[in-house]
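Chemist: Okay, sequence plus prediction incoming.
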Amino acid sequence: MLNIGAFTFNYDHLEDRILLVGNLSNGQQRVDFWLTRKLVLRLLAASQGLLEKTSEQLAEAPQQHRAQLAQFHHDNAQQDLEVEKEVEIVKAEGNKLLSRLDISHQDGRYRMLFFSGGDQPSAVSIVNYAELHQILHLLHRGALALDWGVTANLFEADSASPTLQ
């Protein structure tokens, strides 16, 4: 199983998919996965629940403020994001479709297992809270670029306003 230490994302309008390239320029063995709209949208939809369960600050915040606090953490993590602009478009090596992404939390770190078919993961990555937010940001940005119908902010509070009677 490969360890992914660096992530590169390419938003492919023709394929209508996101290309995740692990270890493009860090000297480790490269691994590529295509991420479908369905997988990315499910991951983004589940991200707030995951973060609420694994972040003490979010878990302790009043329910009506959790989305705003999650968005604040998300925006803060983006400030530390180290993005290298690729001069040329990254081309996929291989044709692996990411079929499943399992994320578990232990001791303040997130373990991501990448599956491309079968029961055994193809790759693993261990990231901290801020790095997970950065990955979610890049996936959200891809969903926006590909016009997949996501909102401008990843973490939205319930927009249902109370009614007065």
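Modeler: All right, it came through fine.

Chemist: Show me the helices in the protein, by range?
Modeler: 37-54, 56-60, 66-79, 129-145 (DSSP state H).

Chemist: ok now do the residue most central in space within the chain, which residues does it touch?
Modeler: In the chain, the C-alpha nearest the mean C-alpha coordinate belongs to residue 136, at 2.8 Å (CA atoms, centre = their mean). Counting by CB atoms under 8 Å, 6 or more residues apart in numbering, residue 136 makes contact with 43-44, 47, 74, 154. The C-beta positions use only the backbone N, C-alpha and C, and glycine is treated the same way.

Chemist: can we see that at 7 Å?
Modeler: 44, 47, 74, 154 (CB atoms under 7 Å, 6 or more residues apart in numbering).

Chemist: measure the last one to residue 111 for me?
Modeler: Spatial separation of residue 154 from residue 111 under the definition CB to CB, to the nearest Å is 21 Å.

Chemist: do the first one as well
Modeler: Applying CB to CB, the value for residue 44 to residue 111 is 19 Å.

Chemist: out of these two, which sits in the more crowded spot?
Modeler: residue 44 (19 against 13; other CB atoms under 10 Å).

Chemist: burial measure for the closest residue to the more buried one other than its chain neighbours, as a count.
Modeler: Using CB to CB, 6 or more residues apart in numbering and skipping the chain neighbours, the partner closest in space to residue 44 is residue 140 (6.0 Å). Residue 140 sits with 22 neighbouring residues when counted by other CB under 10 Å.

Chemist: what's near enough to touch residue 140?
Modeler: Taking CB under 7 Å, 6+ apart as the criterion, residue 140 is in contact with 44, 150, 154.

Chemist: If I look at the last one, what pLDDT would I see?
Modeler: If you check residue 154, the pLDDT there is 86.

Chemist: For it, grab the count of nearby residues.
Modeler: Neighbour tally, residue 154, other CB under 10 Å: 23.

Chemist: Repeat that for the second one.
Modeler: Residue 150 is flanked by 19 other residues according to other CB under 10 Å.

Chemist: Is it correct that it is in contact with residue 43?
Modeler: No - counting by CB atoms under 7 Å, residue 150 stays clear of residue 43, with 11.3 Å between them.
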